[in-house]
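# Next input, structure requested:
(chains A and B)
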There are 2 protein chains.
Amino acid sequence: MLVVQKYGGTSVGTLERIENVASRVAKAREEGKDLVVVVSAMSGETNKLIEYAHHFSKNPSKREMDMLLSSGERVTAALLAIALNEMGHKTIALTGRQAGIKTDDTHTYARIESINTERLQEEISNGNIIIVAGFQGINHNGEVTTLGRGGSDLSAVALAGALKADACEIYSDVDGIYTTDPRIEPKAKKLDYISYDEMLELSSLGAKVLQNRSVELAKKMGVKIIAKSSFSDGEGTVISDEKGDSMEEVLVSGVALDKNQARVSLRGVTDRPGIAAEIFTKLANENINVDMIIQNASENGTTNLGFTVPQSEIAQAKEAMESFDHDVDGADYDEGVAKVSIVGVGMKSHSGVAASAFTALAENGVNIEMISTSEIKVSMVIDEKFSELAVRVLHEVYGLDK
Amino acid sequence: MLVVQKYGGTSVGTLERIENVASRVAKAREEGKDLVVVVSAMSGETNKLIEYAHHFSKNPSKREMDMLLSSGERVTAALLAIALNEMGHKTIALTGRQAGIKTDDTHTYARIESINTERLQEEISNGNIIIVAGFQGINHNGEVTTLGRGGSDLSAVALAGALKADACEIYSDVDGIYTTDPRIEPKAKKLDYISYDEMLELSSLGAKVLQNRSVELAKKMGVKIIAKSSFSDGEGTVISDEKGDSMEEVLVSGVALDKNQARVSLRGVTDRPGIAAEIFTKLANENINVDMIIQNASENGTTNLGFTVPQSEIAQAKEAMESFDHDVDGADYDEGVAKVSIVGVGMKSHSGVAASAFTALAENGVNIEMISTSEIKVSMVIDEKFSELAVRVLHEVYGLDK
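Next up, the predicted model:
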């Protein structure tokens, strides 16, 4: 049985924690598993290096940033290998390059293009536990590249896919995926199972256990992810497309909240072909990240157009919209909004899921400003002050605390 | 004009100091020089990583130590490149691997086998300043290797040799090679010039500016080294085989002191063929580093054999000598000794240099316990308490303060 494990920065944040990780890896080894272990930099290290770089330049060259930032994971990988060797387990540490991870040329946000598993297979055959420095690879010119935020998860999933591993265990300081944020709703329950699609919706909405890119890759390569805590012994949450154990599929798996939202509403937009394209091209060119987009049916030759952006980008968005003054009657900008979403594959086959959400919120006096739905998600923009209330109401409506 | 510069750990020990180094590199660039700059890890970083490793193992696997320790130089290289780019100078940072440095398989103490200069030449042609992470290379299997203590000097000299650079400037916190340690003899003078051979004798004797391996390599490849301070603007000391400016060659260039010495004297050693070989093979097998070795002429079928070892290895040496009890009448072990040496190519052609040393020491009441001479060096083992006195006396005898 071949398992890829990944330990995040918090899990390897101190020498004692690295020792704890070594014990966990050793235990899995003693159970007879073949192991490839991907590690992040010790927590704080990457930020320290970024600060160092910013001491010299506000906009450091990306190629050099990759050389700089890739060093932290190498340190952790080497230390973990040393610890495991000391415990009597044959272990070898590999850099991204040595693990065969080839990426494209996009420094600081590279995409994995391929993994040459020759060396990995050889070391497994030699009876070695393999520790891989996460977050990094090399491009076709031999330049060191890094994979962007959450890159070590991506390394782990890609390695699991390439090696056809039985599972990819992602360890962090939380013990799985919850129905909602337990800090908001103490009745939140850990899920035993969640599908890739649900996880994708949840992660983009603020559940920060796994980055979207990793889940997308896992879905594409059919990698079974298990999200676990490195500080306890729980079963964690399985993320895959296998059916869960429950006979009846649940309607809604979780409730997500994103408070970092600002709403832009454009009223009386001239309804001529290409106007929406112009507006969003303008926003894209200004590097403003647009999340929800809603356009109502046209009326009297004008339409209403709404979208949300991160709160930090609202001033920029406002400025960008000025060039459309002749096409727009009026505009509202509201920083005080939040997006609350319900996610679940069960929605696909059940009508009325959205309706119960709207009803429950209305009964609790929460006004809904914008609505956007997909097959497995309903997102609602509301006044930010109702955020926690809305999460609790929705959590209860769908019986997630049961 | 192509110059290789090397900045040690102290010179890049803080972000401010890296900035200072960037200014120096920029200045050289503005003078029209092509530059390859080799950097060490920020001072303290390597020791921190070694401590980390020792937290897990007293004897960490050397391959993983290399992966661990090579990270510090990469950080400095990337940061310096970022700083120079910010100053408007096109700069690229390269790892040992990317700089084409190929070594043998001896992890933690690898020897450079070759340098493929293709990438370096290309980057120079592209108008880039090149920053190279010192102390590291890769072996033929693509494993990261490190070059041992003083390894960054070695990287610099090897690169200068391979690129046929006009000079290799080695920057540290001292402004050159002195006639003796200025902390002992304040009248010590900086030398403008010293030959490779003299430098070899001085460095092995305690003048810690340059490691022997680097000087040996420089001699072999004909690399002109200039030892300078990164904190001031002095001319430094040229180390080469070119003639200095002075018409008349000086007899003695410097006086070196090594206090980390312990003396072993074996009396009445059976003078049979192979006995010395047996003794020193035994010591070598126990990894005891022997420095001076002196054997007197045989008398009545026995001989006296003396040698020195580092003070930390005297107990081990004593134990090793026990197996020769039947061949030896008696043994003295003295930890309280020091080795003082005078070095100078001028000795080759002048007799009487050694005699003046012995006379001067005798006149000052310093008893000489062992003497060893080479063509350009006279070393004397004396009671440790006379160390500083001996250095000052010899410094004056040869007019080094003039």
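
# Is the residue lying closest to A:V343 once chain neighbours are set aside part of a helix or strand, or is it coil?
Excluding the flanking residues, the one nearest A:V343 by C-beta to C-beta, 6 or more residues apart in numbering or on different chains is A:E201, at 4.3 Å. The way it works is simple: take the backbone N, C-alpha and C, and place the C-beta from them, glycine included. Assigned by DSSP: H, G, I helix; E, B strand; the rest coil, the conformation of A:E201 is helix.

# Spell out which parts of chain A neighbour chain B.
Chain A has residues A:15, A:18-19, A:22, A:49, A:52-53, A:55-57, A:60-61, A:63-65, A:67-68, A:70-72, A:74-75, A:77-79, A:81-83, A:85-86, A:92-93, A:95, A:97-98, A:142-144 near chain B, with proximity defined as C-beta under 8 Å from any C-beta of the partner chain.

# Which of these fall within strands?
A:I92, A:A93, A:V144 (DSSP state E).

# which one of these sits closest to chain B?
Of all those, A:A93 has the smallest distance to chain B: 5.1 Å, by C-beta to the nearest C-beta.

# what's the nearest residue to that closest one once chain neighbours are set aside in contact with, if anything?
Computed as C-beta to C-beta, 6+ apart, the closest residue to A:A93 that is not its neighbour in sequence is A:A81, at 3.8 Å. If you count contacts by C-beta atoms under 8 Å, 6 or more residues apart in numbering or on different chains, A:A81 has them with A:T91, A:I92, A:A93, A:I129, A:I131, B:S61, B:E64, B:M67.

# what pairs with whichever strand or helix holds the fifth one, and is each one parallel or antiparallel?
Element membership of A:I131 [criterion: DSSP states H and E] is strand A:129-133. As defined by DSSP bridges, the strand partners of strand A:129-133 come to strand A:34-39 (parallel), strand A:91-94 (parallel).

# okay, these, which one's buried deepest?
strand A:34-39 (a mean of 28; mean count of other C-beta atoms under 10 Å in any protein chain shown).

# can you tell me the average pLDDT over that strand?
Regarding strand A:34-39, the rounded mean pLDDT is 98.

# Contacts only, for A:S195.
A:I239, A:S240, A:D241, A:S253, A:V345.

# are any of the residues you listed buried, and which?
With neighbours counted using 16 or more other C-beta atoms under 10 Å in any protein chain shown, the contacts of A:S195 contain these buried positions: A:I239, A:S240, A:S253, A:V345.

# Enumerate the beta-bridge partners assigned to the first one.
Meaning A:I239. A:I194, A:I225.

# mind checking how far it is from chain B?
31 Å (C-beta to the nearest C-beta, to the nearest Å).

# mind checking how far that residue is from A:K224?
7 Å (C-beta to C-beta, to the nearest Å).

# B:A218 versus A:L94, what's the distance?
Distance from A:L94 to B:A218, by C-beta to C-beta: 35 Å.

# what about the helices in the stretch 51-200 of chain A?
A:62-86, A:118-125, A:151-162, A:196-204 (DSSP state H, counting those that start in this stretch).

# re earlier: compare the strands paired with strand A:129-133 and give me the one nearest B:V37.
strand A:91-94 (28.6 Å; C-beta to C-beta).

# Distance from the chain centre to the closest one, please.
Put simply, strand A:91-94 sits 28 Å off its chain's centre (C-alpha atoms, centre = their mean, to the nearest Å).

# residues making contact with it?
Counting by C-beta under 8 Å, 6+ apart, A:74, A:77-78, A:80-81, A:84-85, A:119-120, A:123, A:128-133, B:63-64, B:67 sit against strand A:91-94.

# Stretch A:376-385 too?
A:197-198, A:201, A:205, A:259, A:261, A:263, A:292, A:308, A:336-345, A:347-348, A:353-354, A:357-358, A:361, A:366-373, A:390.

# Pull out the buried residues from it.
A:I376, A:K377, A:V378, A:S379, A:M380, A:V381, A:I382, A:E384.

# nearest to chain B, of the residues you listed?
A:E384 (38.7 Å).

# pLDDT at that closest one, what is it?
At A:E384, pLDDT is 94.

# so who does A:T146 touch?
Contacts of A:T146 by C-beta under 8 Å, 6+ apart are A:M65, A:D66, A:L69, A:S70, A:H107, A:T108, A:Y109, A:A110, A:F135, A:Q136.

# hang on, I meant A:K102
A:I112, A:E113, A:S114, A:I115, A:N116, A:G137, A:I138, A:N139, A:H140.

# Point me to the residue sitting closest to the centre of chain A.
A:Q211 (1.8 Å; C-alpha atoms, centre = their mean).

# can you redo the buried residues of stretch A:376-385 as TSV with secondary structure?
Converted to TSV, these look like this (three-state DSSP):
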residue	secondary structure
A:I376	coil
A:K377	strand
A:V378	strand
A:S379	strand
A:M380	strand
A:V381	strand
A:I382	strand
A:E384	helix
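
# With adjacent residues omitted, what lies nearest to A:T106?
A:T145 (7.3 Å).

# ditto for A:L266
If the residues on either side of it in the chain are set aside, A:L266 comes closest to A:L305, at 4.5 Å by C-beta to C-beta, 6+ apart.

# Against chain B, how distant is the closest residue to A:Y398 other than its chain neighbours?
Nearest residue to A:Y398, sequence neighbours excluded (C-beta to C-beta, 6+ apart): A:V252, at 4.0 Å. From A:V252 over to chain B the distance is 46 Å, taken as C-beta to the nearest C-beta.

# pretty sure A:V252 is touching A:K348, no?
No: with contact defined as C-beta atoms under 8 Å, A:V252 does not reach A:K348; the gap is 11.5 Å.

# Can you list the buried residues in stretch A:105-113?
Within stretch A:105-113, the residues scored as buried using 16+ other C-beta under 10 Å are A:H107, A:T108, A:Y109, A:A110, A:R111, A:I112.

# got a list of what the last one touches?
When contacts are counted by C-beta under 8 Å, 6+ apart, A:I112 touches A:I101, A:K102, A:T103, A:G137, A:L147, A:L154, A:S155, A:A158, A:L217.

# and what of the fifth one?
Applying C-beta under 8 Å, 6+ apart to A:R111 gives the contacts A:T103, A:D104, A:L147.

# One more: the second one?
Contact criterion C-beta under 8 Å, 6+ apart gives A:K62, A:M65, A:D66, A:L69, A:T145, A:T146, A:G148 as the residues in contact with A:T108.

# how's chain A carved up into domains?
Split into domains by automatic domain parsing, chain A comes to A:2-173, A:254-397.

# and the ones you listed, which one is worst for confidence?
domain A:254-397 - the lowest mean pLDDT of those, at a mean of 89.

# A:V252 and A:K348: which is more packed in?
A:V252 (26 against 13; other C-beta atoms under 10 Å in any protein chain shown).

# isn't there a helix covering that one?
No: assessed with three-state DSSP, A:V252 is coil; it does not lie in a helix.

# What spatial separation is found between it and A:V345?
In terms of C-beta to C-beta, A:V252 sits 9 Å off from A:V345.
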